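S.K.: coords please:
(2 chains)
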Amino acid sequence: DVKVTQSSRYLVKRTGEKVFLECVQDMDHENMFWYRQDPGLGLRLIYFSYDVKMKEKGDIPEGYSVSREKKERFSLILESASTNQTSMYLCASSLTGSAKEQYFGPGTRLTVT
Amino acid sequence: KNEVEQSPQNLTAQEGEFITINCSYSVGISALHWLQQHPGGGIVSLFMLSSGKKKHGRLIATINIQEKHSSLHITASHPRDSAVYICAVRSYPGGATNKLIFGTGTLLAVQP
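M.R.: Take a look at the predicted model:
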């Protein structure tokens, strides 16, 4: 069974704090993704990575950065958290190739106060 | 206009009813996914299809490539089917990184 884990289920941070969200997958997947999910907007892609140290911006990268130093781990960084970054954050991974399924982590609900 | 549209946005049904959720898309695709998300939970994949029809238990997914439309059916619905159902497409040509375009989801509540 593919397993994608995220470091926290719930997180509360203050405005201006630096926030790290960690994602780990155990199936040697090349691709990893960070999404945020907001009511009425669905899932939106923040960043994705197709290999170690490789990353590409998604649809809404502003205010975020990512790090992928090891194949199994993909980190999302909020350099200076703001209240509009309060959201559900979901990590996913997949193999490379056409029509490969994405496997999702349980999500981290981040509240920035 | 979103590239992936789902209807309805909210659906309440009585236990045992037949349920249909629709998804329309405006881009060329290589695959369409139906996903399920329970309250507070992660997302699990129900189906991935590129043509025709797939069935798993009480769930049936169909796709009409010419009409750019897919439906998810639930037969003999049960309260445990209550969840958000999300349609997502992999656009073509999409490259090898498997990026998906998501609909906004359908919130289904099945009452006993």
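S.K.: Which residue is the nearest non-sequential neighbour of A:D51?
M.R.: Leaving out its chain neighbours, the residue that sits closest to A:D51 by C-beta to C-beta, 6 or more residues apart in numbering or on different chains is A:E30, at 6.0 Å. The way it works is simple: take the backbone N, C-alpha and C, and place the C-beta from them, glycine included.
S.K.: Can you name the residues that contact that neighbour?
M.R.: A:50-51, A:71, A:94-96 (C-beta atoms under 8 Å, 6 or more residues apart in numbering or on different chains).
S.K.: Among those residues, name the buried ones.
M.R.: Neighbour counting over these (16 or more other C-beta atoms under 10 Å in any protein chain shown) leaves A:50, A:71, A:94-95 as the buried ones.
S.K.: Could you identify the most distant pair in those?
M.R.: Farthest apart among the buried ones among the contacts of A:E30 by C-beta to C-beta are A:K71 and A:S94. That separation is 13.0 Å.
S.K.: quick one on the thing from earlier: narrow the buried ones among the contacts of A:E30 to those in strands?
M.R.: Of the positions in these, A:50, A:94 sit in strands, assigned by DSSP state E.
S.K.: in chain A, what spans have low per-residue confidence?
M.R.: Low-confidence regions of chain A, defined here as pLDDT under 70, cover residues A:1-2, A:98-99.
S.K.: Show me the strands in it, by range?
M.R.: For chain A, applying DSSP E gives strands covering A:4-6, A:10-13, A:19-25, A:31-38, A:42-51, A:54-57, A:65-70, A:73-78, A:87-94, A:103-104, A:108-112.
S.K.: CSV for the ones you listed, including distance to B:V84?
M.R.: Formatted as CSV, those follow (distance: least, C-beta to C-beta, whole Å):
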stretch, distance to B:V84
strand A:4-6, 18
strand A:10-13, 19
strand A:19-25, 21
strand A:31-38, 10
strand A:42-51, 10
strand A:54-57, 26
strand A:65-70, 26
strand A:73-78, 22
strand A:87-94, 11
strand A:103-104, 13
strand A:108-112, 15
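S.K.: Which among the ones you listed is found nearest to B:G52?
M.R.: When the strands of chain A are compared for distance to B:G52 using C-beta to C-beta, the nearest one is strand A:87-94, at 22.8 Å.
S.K.: May I have the strands that pair with the closest one, each with its orientation?
M.R.: strand A:31-38 (antiparallel), strand A:103-104 (antiparallel), strand A:108-112 (antiparallel) (DSSP bridges).
S.K.: Which residues of chain B lie near chain A?
M.R.: Counting by C-beta under 8 Å from any C-beta of the partner chain, the residues of chain B close to chain A are B:30-31, B:33, B:35, B:41-45, B:48, B:50, B:86, B:88, B:90, B:94, B:96-100, B:102-105.
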